[in-house]
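Trainee: Generate coordinates for the sequence data below:
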Amino acid sequence: MISRRHLLASGAALSGSFLIGGCGPRGARGAKAADVIVLGAGLSGLHAARILSAAGLDVLVLEATDRIGGRMVTLDHLPGAPEAGGEQVGQGYARIRAEAAALGLAFEDFAPSRFGEQLVVDGTRIAASEWPASPLNRLPEALRGLSPHQLFFGLVARHNPLPDIYAWREPDWQSHDIPADDFVRSIGADDEAVRLMNATLNAGELSTYSMMNVWRSLAIYNEERALGPSQRVQGGSQRLPEAMAASLSRPVRTGARVMDIEADERGAAVMLESGERLRADFLVSALPFPVLRRLNLSAPLSAPQAEAIDALPYTPIIQLHAEAETPFWEEDGLAPEMWTNTPLNRIFARRDGSGPTGMFTCWIDGLDAIAGDSRSEASWQALVSDVFAQARPASEGRVQVREIVRWTPSNRLVGGAYMHWAPGQISRWAEPMIRPAGRLFFAGEHASHLHTGMEGAMEAGERAAVDILDMAGI
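Mentor: Coordinates of the predicted model:
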């Protein structure tokens, strides 16, 4: 078999006959499964499908798993239905909010959190208020007042050069696409500061994280903060993609794992794991690049597109959803949430209107997520028991892991929680990697221009749909 890499490099033409021109009835010009096939039943793919269906096209959404939602996952079987994926909906998430309103869904505020009050640094629990004068605090004098969970963004936020959320892709600003490690050291961070920053970084590590990625995120955050606090979907985040899927004229086909993708200037086709071949006039891939790079892909990709598919980094995250059998925080009188530089990283307490529910999410990022990807359930349980018992003696033997969610390379249907940029990649890939490759169009949060996360996924799905309608002359 010709390798996917060879096909990408050669831009090999597709075998077999494809439909030419715009969309039409399936019986009009030969057998095809749909006018448009969409890969992935997450927010991006479903938003594209809804737009295309509303325009009168026959759209078939293929989903490899047995559930709708992609990286929107509500753990309905656990107390309080905690979220394992996207949750925060900013006030400026216009597409998310418009879709939810159209589908009869509402939003609610988050319960107040006390995250950051309690720290666990190098095995010792300490109140954040005691950190500046603590012997555990070995930061440079100018940084000692910053709590570890505030250290990175607290140090860099005042230096953001971007004037708005558009500038990150403009050539005039590309000189800032440098390693975050280099930048923080240039403004006062030392080895100890970098060590603490890396402990809970939403990436890999500072040395492989683009500072432009940071500036972009901060620009978006500042714009959102000015509009008001984030909210969540009532009933759980997964209710939104489920409602989107239910609104389509053709049901989403779950359990349809794609192995081969073909596209050229005339049409597209996919081969499923079952051996079934499905043809269409257009194809939308809302698959994360770590998934796409594992498939046999034949399409007229540019060199930057091929490079991006092969190498775009995704943030690895592991979530441990644990339940406390008794309210140990009432016994010790401390906030249940904790920032730690243990392998459990950040520990968030789930809350409702009456306070902590007893459910916790250990949010493990970057290097610790990679290191922990091979841990067994029993190993994670032992670690949770040890960390909680050492930091909060009243919890000893009372915290049980109920669910492990891996947004890591071992999850072959995702590959990571979300993309981030490594230094030097933005100027090479940001623009070309999302252009159509023949009749193959790219969606997903990695393909957004302005937003990130959930709204970015919607933005990219919308752009792909509009591009298809333009090409089809609709």
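Trainee: domain parsing for the chain?
Mentor: Under the assignment automatic domain parsing, the domains of the chain span 4-70+235-313+420-472, 111-137+317-408, 146-190+198-227.
Trainee: any chance of those in TSV, plus distance to Val89, mean neighbour count and mean pLDDT?
Mentor: Where you see a C-beta, it was placed from the backbone N, CA and C, and this is true even at glycine. Compiled in TSV, those are given as follows (distance: least, C-beta to C-beta, whole Å; neighbours: other C-beta atoms under 10 Å; pLDDT from 0 to 100):
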stretch	distance to Val89	mean neighbour count	mean pLDDT
domain 4-70+235-313+420-472	7	20	89
domain 111-137+317-408	15	18	97
domain 146-190+198-227	10	18	95
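Trainee: Dump those to a markdown table, plus distance to Ala94.
Mentor: Shown next, in a markdown table, are those (distance: least, C-beta to C-beta, whole Å):
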| stretch | distance to Ala94 |
| --- | --- |
| domain 4-70+235-313+420-472 | 8 |
| domain 111-137+317-408 | 25 |
| domain 146-190+198-227 | 10 |
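Trainee: Of those, which is nearest Gln88?
Mentor: Nearest to Gln88 among the domains of the chain is domain 4-70+235-313+420-472 (7.7 Å), distances taken as C-beta to C-beta.
Trainee: what separates that closest one from the chain centre, distance-wise?
Mentor: Offset of domain 4-70+235-313+420-472 from its chain centre (C-alpha atoms, centre = their mean, to the nearest Å): 17 Å.
Trainee: circling back to that earlier point, go through the domains of the chain and name the closest to Leu105.
Mentor: Proximity to Leu105 (C-beta to C-beta) singles out domain 4-70+235-313+420-472 among the domains of the chain, at 6.1 Å.
Trainee: now for the lengthiest strand in the chain, which elements pack on it?
Mentor: Taking DSSP state E as the criterion, the chain has its longest strand at strand 355-365. Judged by 3 or more C-beta pairs under 8 Å, 6 or more residues apart in numbering; DSSP states H and E, strand 355-365 is in contact with strand 317-324, strand 346-352.
Trainee: I'd like to know which of the domains of the chain is closest to Pro79.
Mentor: Pro79 sits nearest to domain 111-137+317-408 of all those, at 5.6 Å, using C-beta to C-beta.
Trainee: Of all the domains of the chain, which one is nearest Ile96?
Mentor: Of the domains of the chain, the one closest to Ile96 (C-beta to C-beta) turns out to be domain 4-70+235-313+420-472, at 5.6 Å.
Trainee: Could you pull out the strands in the stretch 51-200 of the chain for me?
Mentor: 59-62, 107-109, 118-121, 124-127 (DSSP state E, counting those that start in this stretch).
Trainee: which one of the domains of the chain lies closest to Ala81?
Mentor: domain 4-70+235-313+420-472 (5.3 Å).
Trainee: Helices of the stretch 301-450 of the chain, start to end?
Mentor: For the stretch 301-450 of the chain, helices defined by DSSP state H, counting those that start in this stretch occupy the ranges 303-311, 328-332, 366-372, 377-391, 425-429.
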